[in-house]
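Peer 1: would you be able to build a 3D model of this:
(2 chains)
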2 protein chains.
Amino acid sequence: MDYSRFIAKASEVFKASEIRELLKVVEARKVISFAGGYPDPQTFPRESLARIAYEVILNYGDKALQYSPTKGVTAFRETLVRYLKSNGVKVDSEDDIIITTGSQQGLDLVSRTLIDPEDYIVTENPTYLAALTAFRTARPNIIGIPIDGKGMKTEVLEERLKELKSLGKRVKFVYTIPIAHNPAGTTMSPDRKKHLLELASEYDFIVIEDDPYSFFVYDEADVTRLKTLDQEGRVIYMSTLSKILSPGLRVGWILGPRQLVDVFERAKQSMDLHTSTLSQYIAKEALERGVVGETIDKAKRVYRVKRDAMLSALSENMVENSWWAKPVGGLFLMVWLPPGIDTKAMLPEAVDEGVVYVPGASFFVDESGKNTMRLNFSYPSVDEIKTGVGILGRLVKKKVGKT
Amino acid sequence: MDYSRFIAKASEVFKASEIRELLKVVEARKVISFAGGYPDPQTFPRESLARIAYEVILNYGDKALQYSPTKGVTAFRETLVRYLKSNGVKVDSEDDIIITTGSQQGLDLVSRTLIDPEDYIVTENPTYLAALTAFRTARPNIIGIPIDGKGMKTEVLEERLKELKSLGKRVKFVYTIPIAHNPAGTTMSPDRKKHLLELASEYDFIVIEDDPYSFFVYDEADVTRLKTLDQEGRVIYMSTLSKILSPGLRVGWILGPRQLVDVFERAKQSMDLHTSTLSQYIAKEALERGVVGETIDKAKRVYRVKRDAMLSALSENMVENSWWAKPVGGLFLMVWLPPGIDTKAMLPEAVDEGVVYVPGASFFVDESGKNTMRLNFSYPSVDEIKTGVGILGRLVKKKVGKT
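Peer 2: Below is the predicted model:
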């Protein structure tokens, strides 16, 4: 039968991604992948989590296997509050937290509750692709603000806000990944954080702070959260256990002003009732028994070495007039190649040579950044990083010769 | 600060439920609850699941704790296909299945991809409240079709379809819970199933078959699925492990035509990336090791006794001119009280006397059914059922005296 009338609109809203389809095909082949965003499974605390899961089900199964509150298991949210506080995140009460099915659901919740069609929202340019995808389903106007080594250029943001104001328009929220940005690897400077919050107050918008990475930075870095600096209740803070325990559990959270969290709760109720109760019980125990802390220590050790290997390999192999930020944390960096190089056009050749990356354009609000590529360093081995970056370096050199 | 401009629309779309707020308050008190929809935790196979979780994390942790495909873990979908086939559900390939974060996400996926504002959709009247909530976020026109002891009155549906056609309107889908309906406890007769599919073909609509209960019916009953009878690819079938293993795992699925499943997959990608990998690995093992089968056997034994206790108590205690269907399965039945009795107005008195139920009106598309109440029999004990129904019987008798 013909399904077209049933899915005409949805097919437009939820587009198939050319890149994703390519990566699916590539996954099956033996290539070095800088494309994914997977944690290294050697950081997973298997023994500890196996024991925790066993005990939790056996001892608390009546609750851990049962339906649970939409907002999240209360005891887990209490534990989470203590954990966040001890890591410098300002939080008053577990009532300000809602547990989400991964950070992705946090992005979807923001999209469904805070964006009306034609609203103006702001992101860094480039920004996290899956955030763009989630926001776009609500059909806003997205303004991309360029970044440099100090994160979002807030002086450019200020100019754009002035322009909008002169047109009678207001921004609803600014979405930012201040620490170890995905894809760019940059970290926002303290001055810019301060400036961003001043602008939020002056122009009356909300700041969505997406913070998956600040718990495991590899260098000395100022990870003070916007949430902690916020005096006016303008910051919605979201994070996840995906990188500091296990992504497979799908446990993230949003911490925000109570009135907004209440709306998120009502929306989540109709989205999936609640996040896996078992995952929440496991996460609670993992936090309380220090398993998250141990995972973080291991992740830091493993990822610092890999990051450094990638930075060295890039320095050795990349052509002049390339640029990348040294990420203080996270899993990614982005390489800006000389203008004229089209990383999407180059990808099939790279795959043929045995290495895959994500062409950067899709991270850009305006599809600019055709000369950029995002490289993941958490999943490949150090040897793969050296070999893979070498291959990319040679390929780019050939291209530069031709431009 | 004032958040009203940020959440004006969302507050309207995702309404606070008066009933839910009441039930939250009641939960803290010691009352007999017929209000929830919780499985009896004594049906949870704690020992088996504890062992499975331990082994899965220890032996397959690299995968079970990692990100996994949006559509679901392939090996789990393969196991699920075998399970469904052996239970009489027609399914060709694991590619026709997408794993959802509980059935609720299935409803949300249907709502977000298949409903455009002002579309016409059909449900039974009454129908599952959380389905109504999910569908309403997409702002359709909802047509409610009355039910009787044989399920949806498809002859009434046919009339409505004719009317709509004469107005140049078409229905997008009919949502039905054919077996052990929630809230009504009714089961659709084979003739009505056949008629519904004929109408689907004639009037070109999709049928959403929500089937959480058919795997554990308590009596001889024809549980042939619409999906199995469907010859044209018109049926989207959804079900869940919530009642036959554990709701806390949040594992459901949609089985449907590939083109629709592809759209669901793209939508789910931006909603939560994927369902808990660990839950899927546990579910896979539980199916393969027969743990789901054992849970079903136990659930049947436990719930049959409770259902019978509730039916007896109702017969003994309810006033004349009340009606309820004998449910062949599921967790619920609905009592239609004599007209004039307002179960919502009566609820505070019932709570004072120590028993709580869900007033039926919110299950009705048109908020009719003010004289109905939904009673859950899976969670309370047999003694609680006897006592609680006794209390309700006396309360209703007093009310009837006054109408």
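
Peer 1: all contacts plus neighbour counts: C-alpha atoms, from now on.
Peer 2: Will do.

Peer 1: show me the domain layout of chain A.
Peer 2: As given by automatic domain parsing, the domain ranges for chain A are A:15-44+A:293-402, A:46-289.

Peer 1: lowest-confidence helix or strand of chain A?
Peer 2: In chain A, the helix or strand scored least confidently by mean pLDDT, DSSP states H and E is helix A:18-27, which has a mean of 72.

Peer 1: what is the first helix or strand past that helix going along the chain packed up against?
Peer 2: Next along the chain after helix A:18-27, taking DSSP states H and E as the criterion, comes strand A:32-33. Counting by 3 or more Cα pairs under 8 Å, 6 or more residues apart in numbering or on different chains; DSSP states H and E, the packing neighbours recorded for strand A:32-33 are strand A:355-356, helix A:382-402.

Peer 1: ok, which of these comes nearest B:A345?
Peer 2: For B:A345, the closest of the helices and strands packed on strand A:32-33 is strand A:355-356, at 64.1 Å, according to Cα to Cα.

Peer 1: re earlier: kindly present the helices and strands packed on strand A:32-33 as CSV, with separate columns for mean neighbour count and distance to chain B.
Peer 2: Output for those, formatted as CSV (neighbours: other Cα atoms under 10 Å in any protein chain shown; distance: least, Cα to the nearest Cα, whole Å):
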stretch, mean neighbour count, distance to chain B
strand A:355-356, 25, 19
helix A:382-402, 17, 19
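
Peer 1: what count of nearby residues applies to A:E18?
Peer 2: A:E18 has 8 neighbours, counted by other Cα atoms under 10 Å in any protein chain shown.

Peer 1: host element of A:I208?
Peer 2: Using DSSP H and E, the element containing A:I208 is strand A:206-210.

Peer 1: kindly report the same for A:I143.
Peer 2: According to DSSP H and E, A:I143 maps onto strand A:141-148.

Peer 1: what strands line up against the helix or strand just after that strand, and which way round?
Peer 2: Next along the chain after strand A:141-148, taking DSSP H and E as the criterion, comes strand A:151-152. As defined by DSSP bridges, the strand partners of strand A:151-152 come to strand A:141-148 (antiparallel).

Peer 1: can I get the strand it pairs with in PDB, CA atoms only?
Peer 2: Taking Å, rounded to 0.1, in the frame of the first residue of the first chain, the C-alpha atoms of strand A:141-148 are listed here in PDB:
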ATOM      1  CA  ASN A 141      15.000  30.200  13.500                       C
ATOM      2  CA  ILE A 142      18.500  29.200  14.600                       C
ATOM      3  CA  ILE A 143      21.200  31.800  14.900                       C
ATOM      4  CA  GLY A 144      24.800  30.400  15.000                       C
ATOM      5  CA  ILE A 145      27.500  32.300  16.800                       C
ATOM      6  CA  PRO A 146      31.100  31.600  15.800                       C
ATOM      7  CA  ILE A 147      33.600  30.200  18.300                       C
ATOM      8  CA  ASP A 148      37.300  30.600  18.800                       C
END
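
Peer 1: what comes into contact with that strand?
Peer 2: By Cα atoms under 8 Å, 6 or more residues apart in numbering or on different chains, the surrounding residues in contact with strand A:141-148 are A:118-126, A:152-154, A:156-157, A:186, A:364-366.

Peer 1: narrow those residues to just the buried residues.
Peer 2: The neighbour count (16 or more other Cα atoms under 10 Å in any protein chain shown) marks A:119-126, A:152-154, A:157, A:186, A:364-365 as buried among those.

Peer 1: now, those that are in strands?
Peer 2: A:120-125, A:152 (DSSP state E).

Peer 1: looking at the domains of chain A, which is nearest to B:S322?
Peer 2: domain A:46-289 (31.6 Å).

Peer 1: chain center to the closest one, what's the gap?
Peer 2: In terms of Cα atoms, centre = their mean, to the nearest Å, the centre of domain A:46-289 is set 9 Å apart from its chain centre.

Peer 1: number of residues surrounding the residue lying closest to A:P69 once chain neighbours are set aside?
Peer 2: Leaving aside its chain neighbours, A:P69 sits nearest to A:H274 (6.4 Å; criterion: Cα to Cα, 6 or more residues apart in numbering or on different chains). Neighbours of A:H274 under the rule other Cα under 10 Å: 27.

Peer 1: how much space between A:G293 and A:L287?
Peer 2: 7 Å (Cα to Cα, to the nearest Å).

Peer 1: and the closest residue to chain B within the stretch 201-350 of chain A, what is it in contact with?
Peer 2: Nearest to chain B, among the residues of the stretch 201-350 of chain A, is A:G248, at 4.3 Å (Cα to the nearest Cα). Contacts for A:G248 were tallied using Cα under 8 Å, 6+ apart; they are A:242, B:64-68, B:276-278.

Peer 1: name the nearest of those residues relative to A:G37.
Peer 2: B:Y67 (9.1 Å).

Peer 1: so that closest one, which of the three states?
Peer 2: Of the three states, B:Y67 takes coil under DSSP: H, G, I helix; E, B strand; the rest coil.

Peer 1: the helices in the stretch 201-350 of chain A, which residues?
Peer 2: Applying DSSP state H, counting those that start in this stretch to the stretch 201-350 of chain A gives helices spanning A:226-229, A:258-272, A:277-288, A:291-317, A:343-353.

Peer 1: got the CA positions of stretch A:247-267 in CSV?
Peer 2: Output of stretch A:247-267 as CSV, limited to C-alpha atoms (Å, rounded to 0.1, in the frame of the first residue of the first chain):
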residue,chain,number,x,y,z
PRO,A,247,25.9,5.4,27.9
GLY,A,248,23.9,2.1,27.6
LEU,A,249,22.1,2.9,30.8
ARG,A,250,20.5,6.0,29.2
VAL,A,251,20.6,8.2,32.3
GLY,A,252,20.8,12.0,32.0
TRP,A,253,19.3,14.9,33.9
ILE,A,254,18.1,18.4,33.7
LEU,A,255,18.6,20.8,36.6
GLY,A,256,16.6,24.0,36.3
PRO,A,257,14.1,26.4,37.8
ARG,A,258,11.3,24.5,39.3
GLN,A,259,8.6,26.0,37.1
LEU,A,260,10.4,24.7,34.0
VAL,A,261,11.2,21.3,35.5
ASP,A,262,7.5,20.9,36.2
VAL,A,263,6.7,21.5,32.5
PHE,A,264,9.5,19.0,31.5
GLU,A,265,7.9,16.5,33.9
ARG,A,266,4.5,16.8,32.3
ALA,A,267,6.0,16.5,28.8
